[in-house]
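Asker: Give me coordinates for this.
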Amino acid sequence: MPNAQITIPLDIPDLKVLSMEITARGEFIISVESTFASSHCHMYGRKIGKCMVTTTG
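Answerer: Numbers count the residues shown, from 1 in each chain. Sure, this is the predicted structure:
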């Protein structure tokens, strides 16, 4: 019997979902990547092209 699946749209523009997994504790881990080439720093207003963000709950 195949695994049941559910699709939940994130509806976040300019975001590519790379992978998704469910841990043994039932937590969802979604790895994403921005498709923006650059943005502006919210603190200094300068144009930036690279940003490393890691978040864990």
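Asker: List the contacts of Met20.
Answerer: If a contact means CB atoms under 8 Å, 6 or more residues apart in numbering, then Met20 has 28-31 as its contacts. All C-beta spots, glycine's among them, are computed from the backbone N, C-alpha and C.
Asker: swap in Ala37?
Answerer: Gly49.
Asker: ok, back up a step: quick one: the contacts of Met20 as JSON lines, columns for distance to Pro2 too.
Answerer: Below are the contacts of Met20 laid out as JSON lines (distance: CB to CB, whole Å):
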{"residue": "Phe28", "distance to Pro2": "20"}
{"residue": "Ile29", "distance to Pro2": "22"}
{"residue": "Ile30", "distance to Pro2": "22"}
{"residue": "Ser31", "distance to Pro2": "23"}
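Asker: Could you tell me which of these belong to strands?
Answerer: 28-31 (DSSP state E).
Asker: low pLDDT regions in this protein?
Answerer: The chain contains residues with pLDDT under 70 at 1, 50-57.
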